[in-house]
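Asker: Sequence and predicted model, in that order:
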Amino acid sequence: MAWGGRAIAICVAAFIASQVTGCTKREPIAPSAVPTSGNADLEIVLADGTSVRLDDAKGSGEGLCGVVHQCLGPSCGRVRVDHCVAKQDVVTLKERKMSDTAVAVGVTGAVLGVALTVAAIAAASSSPKAAPRTDFDRLDHLVVDGGSYRLRVVNEQDETEHTDLVRLRVVDHPAGTRVVPTAAGKLVTFRDEARPTIARDFRDRDALDLVTTKDDREWSSDLRDRSALRADDARDGLRLVFAKPPGARTAKLRVAAHNTEWSGQMLGYLLAHRGTTLPAWFARMNTDARARAEFEAFLLREGMLNVRVKTLAGWSTRGVFWAAGSEIVKEEAFELEVGDLPGDTLEIELESALDFWSVDAASIAYGPNEPTVVRDLSPSSARTTNGRDVTAVLARRDGARFDTVRGDVAELSFAAPSPPAAGSVRSFVLETNGYYVPEIAPAADADPAAMDTLMDSPFSASRLALAFRLATRGRSGH
């Protein structure tokens, strides 16, 4: 469960290319190290230095096959892509153990996935059906199979999902650039990215080595010597310093980050402790624009990752990284106005509640966005496993929705355009639109009035999260 919301939770199985690196002969990994049961979660380092998290992994012929997580919306918790790596390219592997923090704090009935309908709070409309959320997310590892790109949409959550649109954006862009979407879907090109020269957290702990490259080596909050009695301990983040060329007016920031499991548990706590009044509270969010705006402000203040720039007057918030889920790393682009900043350095702060976010990488590029060729593909075919044709339902945003419950599956195909022109490379962004209704069981000690007071008091939720986090850190491994 992520702090915040998302439009829909979908699982994607895509046809992808295995990662084979060169022709260098290497000793294969020991057979005893290769899982055969198909339920091992592995951290794998390949010969080219990249790392892969491969879940539900098992040996298959000359490869290791399993799933990697891809982000298709801010929760990202159940987005999976089938993937294989050649055994000869594996340098090291180790089994990854799941954290047991989920047993803490007594979040009664909290479900995986974000436990609220962002469609009901993210726009000023009287109905979630009239205010669905649209998400734009990079989709890596996708390749052509028989002239098509193939995706599998799966509802793996205890919730009803209402999907209005699934559209694949095929983006051809100059070689040497990377394309990353903003939260609004604008495609930003990055070339000659500059890494931070300084990266330190709010305790002045050096984090530069952790956030220089997107490699699953992440910065996260240090819980040692924290006190629930110190309000400052409830907030944390990173302060980054980048070089800034003379005359720069806009900086393009790329952040790779994700929510922690802990952030989702705290959101579940807040909602479950509304008790039997939760349905009425959701109804109010659907119909009361002012209440909805106040709740969104609460989410932004307490749990989102604030992107701030240091000015002569102090720190100025110039972007917000909305919820990103806990299982995968999401990339998001921010175009920051920096023309009012003197000097040859740019100082950026990434700030949120303690232990709500992990940051994998951050980088800066300057200069205008380079030309791209974008093709928006609607599904050429979309069928459920029981034979229902939902192609027209998912092809356009028109209020007709594909409604699913846990276990429902649809297979989608998109006709692949011709290969990119010489000098260009291809990336993919998936656009999804919809909303969902979660299942939340009321907490036995629910106190709706206390939840109202907590949400009305700035940073009270952050301080409550700190107190609970300190009480459970012995279980979390920190």
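Answerer: Here it is on my side, so go on.

Asker: so where's the protein shaky on pLDDT?
Answerer: Filtered on pLDDT under 70, the chain yields the residue ranges 1-39, 46-53, 60-62, 67-85, 87-89, 91-132, 473-478.

Asker: for it, what's the longest helix?
Answerer: Counting residues, the longest helix found in the chain (DSSP state H) is helix 460-476.

Asker: Dump that helix to CSV, keeping only the CA atoms.
Answerer: Extracted C-alpha coordinates of helix 460-476, given in CSV (Å, rounded to 0.1, in the frame of the first residue of the first chain):
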residue,chain,number,x,y,z
SER,A,460,0.8,15.4,13.4
ALA,A,461,0.5,12.4,11.1
SER,A,462,4.2,12.5,10.5
ARG,A,463,4.9,12.6,14.2
LEU,A,464,2.5,9.7,14.8
ALA,A,465,4.2,7.7,12.1
LEU,A,466,7.6,8.4,13.8
ALA,A,467,6.3,7.1,17.1
PHE,A,468,4.9,3.9,15.6
ARG,A,469,8.0,3.4,13.4
LEU,A,470,10.3,3.6,16.4
ALA,A,471,8.1,1.1,18.2
THR,A,472,8.5,-1.4,15.4
ARG,A,473,12.0,-0.9,14.2
GLY,A,474,13.2,-4.0,15.9
ARG,A,475,11.1,-6.0,13.5
SER,A,476,12.2,-4.1,10.4
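
Asker: in the protein, which residue is closest to the centre?
Answerer: Among the residues of the chain, residue 324 comes closest to the average C-alpha position under CA atoms, centre = their mean, at 2.8 Å.

Asker: which residue sits closest to it in space, ignoring its chain neighbours?
Answerer: residue 330 (4.0 Å; CB to CB, 6 or more residues apart in numbering). Backbone N, C-alpha and C define where each C-beta goes, glycine included.

Asker: Can you name the residues bridging to the one you found?
Answerer: Applying DSSP bridges to residue 330 yields these beta-bridge partners: residue 257.

Asker: now do residue 65
Answerer: residue 58, residue 84.

Asker: do the same with residue 430
Answerer: The partner residues for residue 430, given DSSP bridges, come to residue 137, residue 168.

Asker: Next, the distance between the ends of stretch 440-457.
Answerer: The straight-line separation of the ends of stretch 440-457 (CA to CA, to the nearest Å) is 24 Å.

Asker: For it, list every residue counted as buried.
Answerer: Neighbour-count burial for stretch 440-457 flags 440, 442, 443, 446, 448, 451, 454, 455 (criterion: 16 or more other CB atoms under 10 Å).

Asker: Tell me where the stretch 101-250 of the chain has strands.
Answerer: 133-138, 148-154, 159-174, 178-181, 187-190, 198-201, 235-243, 250-259 (DSSP state E, counting those that start in this stretch).

Asker: ditto for the stretch 251-400 of the chain
Answerer: Going by DSSP E, counting those that start in this stretch, the stretch 251-400 of the chain shows strands at 305-311, 314-321, 330-337, 345-353, 357-366, 373-377, 381-384.

Asker: name the helices or strands packed onto the last one?
Answerer: For strand 381-384, the helices and strands in contact under the criterion 3 or more CB pairs under 8 Å, 6 or more residues apart in numbering; DSSP states H and E are helix 391-395, strand 409-415.

Asker: what's the following helix or strand after the first one?
Answerer: Later in the chain than helix 391-395, the nearest helix or strand by DSSP states H and E is strand 402-404.

Asker: Look up how far residue 341 lies from the closest residue to residue 184 other than its chain neighbours.
Answerer: Leaving out its chain neighbours, the residue that sits closest to residue 184 by CB to CB, 6+ apart is residue 136, at 7.6 Å. Going from residue 136 to residue 341 by CB to CB, to the nearest Å gives 28 Å.

Asker: I figured the residue nearest to the centre of the chain hits residue 352, correct?
Answerer: No: applying CB atoms under 8 Å, one finds residue 324 not in contact with residue 352, separated by 11.1 Å.

Asker: Find residues that contact each of those two.
Answerer: Here residue 324 and residue 352 have no joint contacts, going by CB atoms under 8 Å, 6 or more residues apart in numbering.

Asker: Any idea how far apart the tips of stretch 356-374 sit?
Answerer: 35 Å.

Asker: so the residue nearest to residue 184 sits right up against residue 179, yeah?
Answerer: No: counting by CB under 8 Å, residue 136 stays clear of residue 179, with 11.0 Å between them.

Asker: Need the residues touching each of the two.
Answerer: Common neighbours of residue 136 and residue 179 (CB under 8 Å, 6+ apart) are residue 429.

Asker: of the two, who's got more company?
Answerer: Taking neighbours as other CB atoms under 10 Å, residue 136 and residue 179 compare with residue 179 leading, 25 against 22.

Asker: Run through the bridge partners of that one.
Answerer: Going by DSSP bridges, residue 179 forms beta bridges with residue 189.

Asker: how close does it sit to residue 278?
Answerer: Counting by CB to CB - residue 179 and residue 278 are separated by 40 Å.

Asker: for residue 226, same thing?
Answerer: 31 Å.

Asker: again with residue 289
Answerer: In terms of CB to CB, residue 289 sits 20 Å off from residue 278.

Asker: ditto for residue 320
Answerer: 26 Å.

Asker: Check residue 151 too.
Answerer: 33 Å.

Asker: and what of residue 353?
Answerer: Distance from residue 353 to residue 278, by CB to CB: 22 Å.

Asker: more neighbours, those two?
Answerer: Remark: of residue 353 and residue 278, residue 353 carries more neighbours, 29 against 22, as counted by other CB under 10 Å.

Asker: Surely that one touches residue 237?
Answerer: No: between residue 353 and residue 237 there is no contact under CB under 8 Å: 9.4 Å.

Asker: Any buried residues in stretch 281-299, and which?
Answerer: 281, 282, 285, 286, 292, 295, 296, 298, 299.

Asker: quick one: which of those sit in helices?
Answerer: Among these, the members found in helices (DSSP H) are 281, 282, 285, 286, 292, 295, 296, 298, 299.

Asker: Using a markdown table, please lay out those together with distance to residue 395.
Answerer: Listed next are those as a markdown table, based on distance: CB to CB, whole Å:
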| residue | distance to residue 395 |
| --- | --- |
| 281 | 34 |
| 282 | 29 |
| 285 | 29 |
| 286 | 27 |
| 292 | 29 |
| 295 | 33 |
| 296 | 30 |
| 298 | 36 |
| 299 | 31 |
